[in-house]
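Trainee: fold the following, please.
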Amino acid sequence: MSPLFEPTTAGAHTPTRHVIFARAIRRTLGVVNFAASLLIVVALSMQITEKVVNDVFRPTEYFAFFTIQSSIINVFVLVMGGVLSLKRGTDPRWYTATRACIVAYAIITGIVYNLLLRDVQPRDGFITEFPHLSDIVHVYIPLFIALEWILMPGRSRLSWSILGVICAYPAAWTVATLIRGAADGWYPYPFLEPTGPAGLNGVIAYVLAIAACLVTVGALSVAVERAHSQLFQKLGLDRTAL
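Mentor: Here you go, the predicted model:
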């Protein structure tokens, strides 16, 4: 088993090659976190600007989309991740738990968009001149967040109970969205419309399927982090010393 520090002839301690490599990955990904957060801000800003210019921007509808809400959350979480990666060798448990949540949300966003929504007419009927902006928040950012979760060293160990926390926000969003839709007739996504072609049974089926997918993705996220912990133990690394 490799020690974390190897003594030098002068009695000082130098990091092992494992620690040096882990530090480099952590700091590099920290910088990319900042870039990813900026990319989200640019994409959302351009979307809003285009809608305002064309007089189709309705804040109460735009900010009701799960993708938009989770993207705004991603901005703050990615910035915090960048700061922690550059200043600390390991993330606090609360941040690791928060990061596990956005990993699950990002992956679900990508799956739902690409399977159910990519070719669907926009709810407001407006056809954007910048379709790639949607790919940023539905494809590229989710891919980065998932890859970063796999590669980033220095997470705190998570328990399986975090799955309840992961599911809390999407469950609350779904309930609030259905209540609002019943009140004013507006739904952000067609598969949530009880009056749509699939009817109420279709809505229930979609919600249950997405919920099952969310739990599965959340469990995989926790499993990845726990695998990280085992790997660090196997290498003899104390993650707090990164």
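Trainee: mind pulling up the pLDDT for the spatially most central residue of the chain?
Mentor: With distances taken as CA atoms, centre = their mean, the residue of the chain nearest its centroid is residue 102 (3.0 Å). At residue 102, the pLDDT value in this model is 97.
Trainee: now do the buried residues in stretch 63-75.
Mentor: Neighbour-count burial for stretch 63-75 flags 64, 65, 66, 67, 68, 70, 71, 73, 74, 75 (criterion: 16 or more other CB atoms under 10 Å). The C-beta positions use only the backbone N, C-alpha and C, and glycine is treated the same way.
Trainee: all strands for this protein, in order.
Mentor: If DSSP state E is used as the criterion, the strands of the chain fall at 5-7, 13-15.
Trainee: and those, which one's lowest on average pLDDT?
Mentor: Within these, the stretch with the lowest mean pLDDT is strand 5-7, showing a mean of 36.
Trainee: now residue 146. Nearest residue, chain neighbours left out?
Mentor: Nearest-residue entry for residue 146: residue 107, 5.6 Å, with adjacent residues in sequence omitted and distances by CB to CB, 6 or more residues apart in numbering.
Trainee: which ones are touching the one you found?
Mentor: With contact set as CB atoms under 8 Å, 6 or more residues apart in numbering, residue 107 has these partners: 142, 145, 146, 217.
Trainee: hmm, the residue nearest to the centre of the chain is touching residue 74, no?
Mentor: Yes. Residue 102 is within contact range of residue 74, at 5.7 Å (criterion: CB atoms under 8 Å).
Trainee: find the residues that touch each one of these two.
Mentor: Taking CB under 8 Å, 6+ apart as the criterion, residue 102 and residue 74 both touch residue 145.
Trainee: tell me where the model's unsure across the chain.
Mentor: Segments of the chain classed as low confidence (criterion: pLDDT under 70) are 1-15, 123-127, 233, 235-242.
Trainee: before we move on, back to that, with distance to residue 211 added, can I get the buried residues of stretch 63-75 in a markdown table?
Mentor: Converted to a markdown table, the buried residues of stretch 63-75 look like this (distance: CB to CB, whole Å):
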| residue | distance to residue 211 |
| --- | --- |
| 64 | 19 |
| 65 | 18 |
| 66 | 13 |
| 67 | 17 |
| 68 | 20 |
| 70 | 16 |
| 71 | 21 |
| 73 | 19 |
| 74 | 21 |
| 75 | 26 |
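Trainee: okay, now residue 114: neighbour count?
Mentor: Burial of residue 114 is recorded as 14 neighbouring residues (other CB atoms under 10 Å).
Trainee: how about the contacts of residue 107, which pair is most distant?
Mentor: Looking at the contacts of residue 107 by CB to CB, the two members farthest from one another are 145 and 217, with 11.5 Å of separation.
Trainee: which neighbours do the two share?
Mentor: Shared contacts of residue 145 and residue 217 (CB under 8 Å, 6+ apart): 103, 107.
Trainee: can you show me the helices along the protein?
Mentor: Using DSSP state H, the helices assigned to the chain run over residues 17-53, 59-62, 66-87, 93-112, 132-135, 141-151, 162-184, 199-235.
Trainee: hang on, the earlier thing: most neighbours of all the contacts of residue 107, which one?
Mentor: Among the contacts of residue 107, residue 142 has the most neighbours (other CB under 10 Å), with 26 neighbours.
Trainee: ok, that one - contacts?
Mentor: In this structure, residue 142 makes contact with 106, 107, 109, 110, judged by CB under 8 Å, 6+ apart.
Trainee: neighbour-wise, which one of the residues you listed leads?
Mentor: Counting neighbours by other CB under 10 Å, residue 106 leads those with 26 neighbours.
Trainee: give the contact list for it.
Mentor: 70, 74, 141, 142, 145, 146.
Trainee: give me the distance between it and residue 149.
Mentor: Distance, residue 106 to residue 149, by CB to CB, to the nearest Å: 9 Å.
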